[in-house]
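In: no sequence on this one, just coordinates:
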């Protein structure tokens, strides 16, 4: 578990209530990955929503289909941003792979538990999906 106050300072979590932050903190843990680590692979089961605390992450396609270039980078994730949003969107499989480009620290949030919380609390689900949509749109720009 991490502290709810730690989450509150990040834009993605800023609009959540104290109780919602506390519940999310209970299903979260801090993890580290060395440079070059593959954090998750495309098409694998999306189990985790992650908040990048420090370091760098690139999202890339390892085998995007006919005519694709192996390991083509989709985008870079910067500290303060979330990644692994596929853990909240059906069919719950990562659409890209993620690799640490520097030593990385993340808040790792259990995706299945977060989905369950969202289903049981529609207000939480609404805020989370709005925040996911905003994060994805920002990444597209």
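Out: Sure, I can see it. Here the structure is a predicted model, which means the values were calculated and not measured. Numbering: from 1, shown residues only.

In: low-confidence ranges in this protein?
Out: 63-70 (pLDDT under 70).

In: Helices of that one, start to end?
Out: 4-8, 18-26, 111-120, 122-140 (DSSP state H).

In: Identify all contacting residues around the shortest one.
Out: Under the criterion Cβ atoms under 8 Å, 6 or more residues apart in numbering, residues 13, 14, 16, 18, 21, 22, 24, 25, 28, 51, 107 lie in contact with helix 4-8. Placement of C-beta: from N, CA and C, glycine included.

In: now do 7 Å
Out: 13, 14, 18, 21, 22, 24, 25 (Cβ atoms under 7 Å, 6 or more residues apart in numbering).

In: how close does the second one sit to residue 131?
Out: To tie it back to what came earlier, the one meant is residue 14. Separation of residue 14 from residue 131 (Cβ to Cβ, to the nearest Å): 9 Å.

In: Same question for the third one.
Out: Applying Cβ to Cβ, one obtains 17 Å for the distance of residue 18 from residue 131.
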